[in-house]
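Asks: I'll drop the sequence and a predicted model, then ask my questions.
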Amino acid sequence: MDHEKNKIENLCINNLRMLAADMVEKANSGHPGMPMGAAAMAFVLWTKFLKHNPAHPDWPNRDRFVLSAGHGSSLLYALLHLTGYALPLEELKNFRQWGSKTPGHPEFGHTPGVEVTTGPLGQGLANAVGIAMAERYLASFFNRPLYDIVDFYTYVIAGDGDLMEGVSHEAASLAGNLKLGRLICLYDDNRISIEGSTDITFTEDRAARFAAYQWHVQRVDDGNDTKSLLKAIKAAQAEKEKPSLILVRTHIGYGSPNKQDSADAHGAPLGEEELKLTRERLGWPQESFHIDQQVQNYYRRALEDGKSQEDKWQILFDTYSSTYPDMAKLFQQWTKGELPAGWEKDIPQFAPDEKGLATRAASGKVLNAIAAHLPNLIGGSADLAPSTKTVIREAADFNPDSPSGRNLRFGVREHAMGSILNGMALTGGLIPYGATFLVFSDYMRPPMRMAAMMGLRAIYVLTHDSIGVGEDGPTHQPVEHLTALRSIPGLTVIRPADANETAMAWRCAVEQVTGPTALILTRQNLPTLDRQKLAPAAGLARGAYILSEPKDEEPRLILLASGSEVHLVLEAAGRLEQEGMAVRVVSMPSWELFAAQSEEYQQQVLPRYVTARLAVEAGLTDGWHRYVGDQGRVIGIDHFGASAPAAVLFEKFGFTVDNIVDQALQMAKDQECF
């Protein structure tokens, strides 16, 4: 019996290897080595432990599998096809080709069964930490005695590159601190990277490192020993207080006579002759994309098992719904990404105030008003909560003793914070936010880019938004950051001008379900505009809107600005009107929201016939010329800042009413706008 069992297991593992190698060979592109080496651990995990239903990939209580080593995507595609997901063999044959469901790296929302877009190394592991955090919060919120409706594990396969990248250090450190016992990582320890042996760069004791992070650590010395793999994963499941790392000694390109344990197996096809020799060595038929019928039958048991697991959960949930109908309704609402009626009713409206307040302070007030109605709004900062104003006052901290806490303490870990937000957003049900100073968004740009690529509802609260930071100097003064963030496709960047625009910005961010939003907020106080005399702040939702108009005549000059500079152009407009200029002021907090408006609306705000346009923003001038045109001007800062009080810096760098008036008058004179 054991002999027959071993035989079918070997067939199943070798079929994974050869399908992966065949995909790469046919595409003449890809990474065969990792899938061939990691096939045994993937087989054990997917057939002995993973709770999933290939016929319904999105059922809420499935286990999550993250292939952090996303270059090994052919392994995942082989698993998805063999276990019965809607990924036919033809898609495997179209690996890495135009229009296929099998892109070079796994893409969330593109291929059924892919939980996370991976490829940039370390991101998947950090995403998995976020998923495990979300599981813990959701379980604490929804579960009741005898009703564990949220009860899943998060599994990861990671490689050497994942563990080298800094984000994995940040995320693993936090995961150990939070005691995420349902997070299990299988480390594909094949000791080969693109440049050769990892000995040339990566010699620390990885087991000791993760033990120091307070992880449960095990070793499997032979990556093909399915019994040891089975035992190790069982032990990891039994450990409730620590996340688990299983170091599995594997051999890249396993089975290839000439390329096993070589960097040659990493990122290129084996080659026709080597593939032939590999099939011979593994006792595999000389037929591309061959699937053994016994193997097919074995893997397809996942369909029956998955249906049984989901049906069992559904019975539990139906009983839960009868016992706790309100909670069940809320669970379904969260899972669908829906917002409850009236969630926005307590968003504050701020009275006109010349002294005003910083938009970061207004943001804190709005956040707390919203949080009272959205218990799935959860987040924190990278050790900057007092400055970013991102604490939910009535909520506890999220920690091992308080998993229902909504205030996340990320520590000084911006990169991991961004990646964790992605994992939380992917889990379904939560609206995560993370905060830091705008200048430090550089540290989490990779996960912000990934959030945009995946279309996730993540919210970034980025404060201290300009040279207005003042005395901290150029290291802390963001200059290029607005331009950098605006360059990310799918990321909505909003820089509000006052407290009421900030309130509307939060509303837009929460309602944005197809991508992330960055709220760009000031350190310094800004006047709260008198909306009785100016346009309502609701105009922010359209990205740009007419804030003030000349009296009884068409505009001849348009002043555009975002954030703190809106107040400068409003004052300048008043001065220019005294000079006989017909001036329109446009508040333009979000280029992305404006771009989404109709051509008719865009022309209404920025009519072509007005060529005298001046934009003012305390950041790079890049990009503004699309709005001011060839004859317009931009007042910005195309160099780094300096250390001095904010008021001095604004004066020295030309962000003054006098300079705006002078440049506007010169432009108007040049264009004969009088």
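Replies: Arrived safely.
Asks: where in the stretch 101-250 of the chain is pLDDT low?
Replies: Counting by pLDDT under 70, the stretch 101-250 of the chain has no low-confidence residues at all.
Asks: spell out the residue ranges of the helices in it.
Replies: 123-142, 160-164, 166-178, 206-212, 226-238 (DSSP state H, counting those that start in this stretch).
Asks: summarise which helices and strands the fourth one is packed against.
Replies: Judged by 3 or more CB pairs under 8 Å, 6 or more residues apart in numbering; DSSP states H and E, helix 206-212 is in contact with strand 216-220, strand 244-249. C-betas here are computed from N, CA, C, even on glycine.
Asks: do the same with the shortest one
Replies: Applying 3+ CB pairs under 8 Å, 6+ apart, one finds that helix 160-164 contacts helix 123-142, strand 183-189, strand 192-193.
Asks: which parts of stretch 388-398 are buried?
Replies: 388, 389, 390, 391, 392, 395, 398 (16 or more other CB atoms under 10 Å).
Asks: cool, stretch 554-561 as well?
Replies: 555, 556, 557, 558, 559, 560, 561.
Asks: what's around the closest residue to residue 105 other than its chain neighbours, how many residues?
Replies: Sequence neighbours aside, residue 119 is the residue nearest to residue 105 in space, at 3.3 Å (criterion: CB to CB, 6 or more residues apart in numbering). Neighbours of residue 119 under the rule other CB atoms under 10 Å: 18.
Asks: relative to residue 75, how far out is residue 119?
Replies: The spacing between residue 119 and residue 75, counted by CB to CB, to the nearest Å, is 14 Å.
Asks: over to residue 57?
Replies: Distance of residue 57 to residue 75, computed by CB to CB: 17 Å.
Asks: the two: who's more crowded?
Replies: residue 75 (28 against 17).
Asks: OK, contacts around the more buried one?
Replies: 16, 20, 34, 35, 38, 39, 42, 67 (CB atoms under 8 Å, 6 or more residues apart in numbering).
Asks: mind checking which helix or strand it is in?
Replies: helix 73-83 (DSSP states H and E).
Asks: comparing the helices of the stretch 101-250 of the chain, which comes out most buried?
Replies: Ranked by mean neighbour count, the helices of the stretch 101-250 of the chain are led by helix 123-142 with a mean of 26 (mean count of other CB atoms under 10 Å).
Asks: C-alpha coordinates for that one, CSV please?
Replies: Presented in CSV, the C-alpha positions along helix 123-142 are these (Å, rounded to 0.1, in the frame of the first residue of the first chain):
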residue,chain,number,x,y,z
GLN,A,123,5.9,41.6,-1.6
GLY,A,124,4.0,38.3,-1.4
LEU,A,125,5.3,37.4,2.0
ALA,A,126,4.5,40.8,3.4
ASN,A,127,1.0,40.7,1.8
ALA,A,128,0.5,37.3,3.6
VAL,A,129,1.2,39.0,6.9
GLY,A,130,-1.6,41.5,6.1
ILE,A,131,-3.9,38.6,5.1
ALA,A,132,-3.1,36.9,8.4
MET,A,133,-3.8,40.1,10.3
ALA,A,134,-7.1,40.5,8.5
GLU,A,135,-8.1,36.9,9.4
ARG,A,136,-7.4,37.6,13.0
TYR,A,137,-9.4,40.8,13.1
LEU,A,138,-12.3,39.4,11.1
ALA,A,139,-12.4,36.3,13.3
SER,A,140,-12.5,38.4,16.5
PHE,A,141,-15.2,40.6,15.1
PHE,A,142,-17.5,38.0,13.6
